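Student: I need the structure of the sequence given here:
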Amino acid sequence: MDIRALTPTYAVSPQIDPGDLPAIKAAGYTTIIDNRPDGEIPAELHTEVMRGAAEALGLAFIANPVIGGALTMDNVTAQRDAIEASTGPVFAYCASGNRSSVVWALAHAGTMPVDDLIGIPARFGYQLEHLRPTLENLAHKG
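Tutor: Okay, here's the model as predicted:
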């Protein structure tokens, strides 16, 4: 497991398994967001398996599967809503952490400088520069 804290209240990670959840809880995270569609992973990592393990530990669990290349504004809204509803820090995962970074950036368009929305994930190797026009457009609509 590789926790990559984009902010003090939001971290991303490559795929985790149920055995990682106690350490995630111990690190202070209260909400888990699964951004990985079940079709990409083996059954032992599917949403309902992860949900059951997370909820057994008292963690909130939100499934918001983001299909690579097919991100929707519904994904962005769901991510924003989950972040805002969380009672503490949020831990989001997908295959590499990239999709969890992308939906975080889009969910925060207009609330943080675009340079930060691109630069913070870049510290962890996530290249979001291609989103600059979209982030700027969303910021102006906000």
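
Student: please name the nearest non-neighbouring residue to residue 6.
Tutor: In space, and not counting its chain neighbours, residue 6 is closest to residue 120: 5.1 Å by Cβ to Cβ, 6 or more residues apart in numbering. From N, CA and C alone the C-beta is placed, and that goes for glycine too.

Student: my guess is the one you found meets residue 10, correct?
Tutor: No. The pair residue 120 and residue 10 fails to qualify as a contact (Cβ atoms under 8 Å) at a distance of 9.6 Å.

Student: more neighbours, those two?
Tutor: When residue 120 and residue 10 are compared for neighbours, residue 10 comes out ahead with 24 against 21, by other Cβ atoms under 10 Å.

Student: quick one: residues contacting that one.
Tutor: Residues in contact with residue 10, defined by Cβ atoms under 8 Å, 6 or more residues apart in numbering, are 83, 89, 90, 92, 104.

Student: low-confidence ranges in the protein?
Tutor: In the predicted model, the chain carries pLDDT under 70 at residues 142.

Student: by contact count, what packs against the one helix or strand residue 79 maps to?
Tutor: In this structure, residue 79 sits in helix 73-85 according to DSSP states H and E. If you count contacts as 3 or more Cβ pairs under 8 Å, 6 or more residues apart in numbering; DSSP states H and E, helix 73-85 packs onto strand 31-34, strand 60-63, strand 90-93, helix 98-107.
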